[in-house]
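**Student:** Give me a model of this one.
(3 chains)
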Amino acid sequence: MHATATFTDIYVAVSQFYGRQVQLLDSNRFEEYAQTFTADGEFQHTPGVPPARTHTGIIEELRRFNTRFDDDPVQRRHMFSMLNLSRREDGAFDATFYALVLTTRPGGKQPVVGPSCLVHDVLVIEDGEVRNRSRRVTHDHMFNL
Amino acid sequence: MHATATFTDIYVAVSQFYGRQVQLLDSNRFEEYAQTFTADGEFQHTPGVPPARTHTGIIEELRRFNTRFDDDPVQRRHMFSMLNLSRREDGAFDATFYALVLTTRPGGKQPVVGPSCLVHDVLVIEDGEVRNRSRRVTHDHMFNL
Amino acid sequence: MHATATFTDIYVAVSQFYGRQVQLLDSNRFEEYAQTFTADGEFQHTPGVPPARTHTGIIEELRRFNTRFDDDPVQRRHMFSMLNLSRREDGAFDATFYALVLTTRPGGKQPVVGPSCLVHDVLVIEDGEVRNRSRRVTHDHMFNL
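**Tutor:** All right, here's what the predicted structure looks like:
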């Protein structure tokens, strides 16, 4: 995969990238999730909180965030959809898509649904692999009237 | 993009088209949403209501429909999934897929989920761009016993 | 479509395959759904229940499972997402993805959401068509603490 590949090839590579990336996140494999970012990648998933930076910073932020589940075992799922991908002038890609979080607890067949989010990624192709240069998540319930 | 492109190229172009189209709809950019239809395009999203026709007609229908949210600010999201695409004998494409509507209100982390819908689109490739010739939406809760 | 096709072509063929397969399942077209498996295909969708085998076995299992809806008419939808596809050493493909079940009853605009599932498929390309050699579904609410 190169940045000069066809749009079709890149759209599919990005779809596959997200499939793998999200399954790493939802399996709490934070080290591998962090590796899906560039070395200086930025990850901002909580509005108002400054972005985490570098692989080490992203791992620490995910560990901090997930302490809320230490006494509340859950299986979370992030469902990404409606990918809108476009090439930037700097050769990277803008990816905008929806993310819906589902949280299932043991014995509860119906997951808690939400929040619903809008995600803005900047993606690059590095050593033939798709990687996040940045991710910024906004939450649908935090809009101003 | 031409109608003679490979199935792979067209499937991806349609996926990208839907990503952009839905984000226009959910941002209330109705003029741009209407432009994703052909000039004589048909849009029917409420069972029993005749389809809106032409860009002007589609914009008017979306404005009318959305007056229900005038005093009830919401962020809606349409999640399309399970796209089944096939080439028609007339050179257009039949696209059948699921659409799930999520409605988030300020401060409410859990969106209202539903309705769940089945959508039948007829798509054409016009000036190299995917466009809707028609869209017909059926709602899952309106089936007959 | 051959097993030697490009990753892009196969990823799209699998996406299209799932779109069609799921719509067959949710339309109760169990004979056609069974045909999306190889002749000796295995289908296991209920944890703890041994897999159904062969087209006949899969049809019987789906009929048995769906008797629960004999007096409770529903429209079910399976939403697959986050497809992670990889080539196996034996030339087949591992496909891992999320599946969310939505169940709508007449007159009820909000579907019952759940269960949320993780699906492991082994897919082959047979006579140019994608087919399931096996499917194994795990339910998110059945995890051990």
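**Student:** Now do the helices in chain A.
**Tutor:** A:7-26, A:30-34, A:54-66 (DSSP state H).
**Student:** buried sites along the second one?
**Tutor:** Spelled out, it's helix A:30-34. By 16 or more other Cβ atoms under 10 Å in any protein chain shown, the buried positions in helix A:30-34 come out as A:F30, A:Y33, A:A34. (C-beta placed from N, C-alpha, C; glycine too.)
**Student:** Give me the longest strand you can find in chain A.
**Tutor:** Looking across chain A with DSSP state E, the single longest strand is strand A:112-126.
**Student:** now that strand, how far from the chain's geometric center?
**Tutor:** 5 Å (Cα atoms, centre = their mean, to the nearest Å).
**Student:** Okay, now the sheet partners of that strand, with direction.
**Tutor:** strand A:93-104 (antiparallel), strand A:129-139 (antiparallel) (DSSP bridges).
**Student:** quick revisit: so which of the helices of chain A gets nearest chain C?
**Tutor:** Checking the helices of chain A against chain C by Cβ to the nearest Cβ gives helix A:7-26 as the closest, at 3.9 Å.
**Student:** contact partners of that closest one?
**Tutor:** The contact list for helix A:7-26 (Cβ atoms under 8 Å, 6 or more residues apart in numbering or on different chains) reads A:1, A:5, A:32-33, A:36, A:62, A:75-78, A:80, A:83, A:85, A:87, A:93, A:95, A:123, A:125, A:129-130, A:132, B:8-9, B:12-13, B:15-16, C:6-8, C:11-12, C:82-85, C:96-97.
**Student:** Just the buried ones from those residues?
**Tutor:** A:1, A:33, A:36, A:62, A:75-78, A:80, A:83, A:85, A:93, A:95, A:123, A:125, A:130, A:132, B:8-9, B:12-13, B:15-16, C:7-8, C:11-12, C:82-85, C:96-97.
**Student:** Can you get me a residue count around A:A39?
**Tutor:** 10 (other Cβ atoms under 10 Å in any protein chain shown).
**Student:** how about it, what does it touch?
**Tutor:** A:T54, A:H55.
**Student:** From chain B, how far out is it?
**Tutor:** Here A:A39 is placed at a distance of 29 Å from chain B (Cβ to the nearest Cβ, to the nearest Å).
**Student:** Equivalent analysis for A:V119, please.
**Tutor:** Taken as Cβ to the nearest Cβ, the span from A:V119 to chain B is 11 Å.
**Student:** what are the bridge partners for that residue, then?
**Tutor:** Beta-bridge partners, per DSSP bridges, of A:V119: A:F97, A:V137.
**Student:** contacting residues around it?
**Tutor:** A:F80, A:A95, A:T96, A:F97, A:Y98, A:A99, A:R135, A:R136, A:V137, A:T138.
**Student:** so where's chain A shaky on pLDDT?
**Tutor:** In the predicted model of chain A, residues A:144-145 satisfy pLDDT under 70.
**Student:** who are the neighbours in contact with the residue nearest to A:G57 when sequence neighbours are not counted?
**Tutor:** Nearest non-adjacent residue to A:G57, counting by Cβ to Cβ, 6 or more residues apart in numbering or on different chains: A:F43, 7.8 Å away. A:F43 makes contact with A:F37, A:P51, A:A52, A:R53, A:G57, A:I58, A:E61, A:N132, A:S134, A:R135, according to Cβ under 8 Å, 6+ apart.
**Student:** ok so, going back, now render the helices of chain A as a markdown table, adding distance to C:G108.
**Tutor:** Shown next, in a markdown table, are the helices of chain A (distance: least, Cβ to Cβ, whole Å):
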| stretch | distance to C:G108 |
| --- | --- |
| helix A:7-26 | 29 |
| helix A:30-34 | 37 |
| helix A:54-66 | 35 |
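**Student:** didn't A:R76 look like it was pressed against A:R105?
**Tutor:** No - at 10.3 Å, A:R76 does not count as touching A:R105 under the criterion of Cβ atoms under 8 Å.
**Student:** Any chance of the buried residues of helix A:30-34 in JSON lines with distance to chain C as columns?
**Tutor:** Output for the buried residues of helix A:30-34, formatted as JSON lines (distance: Cβ to the nearest Cβ, whole Å):
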{"residue": "A:F30", "distance to chain C": "17"}
{"residue": "A:Y33", "distance to chain C": "13"}
{"residue": "A:A34", "distance to chain C": "18"}
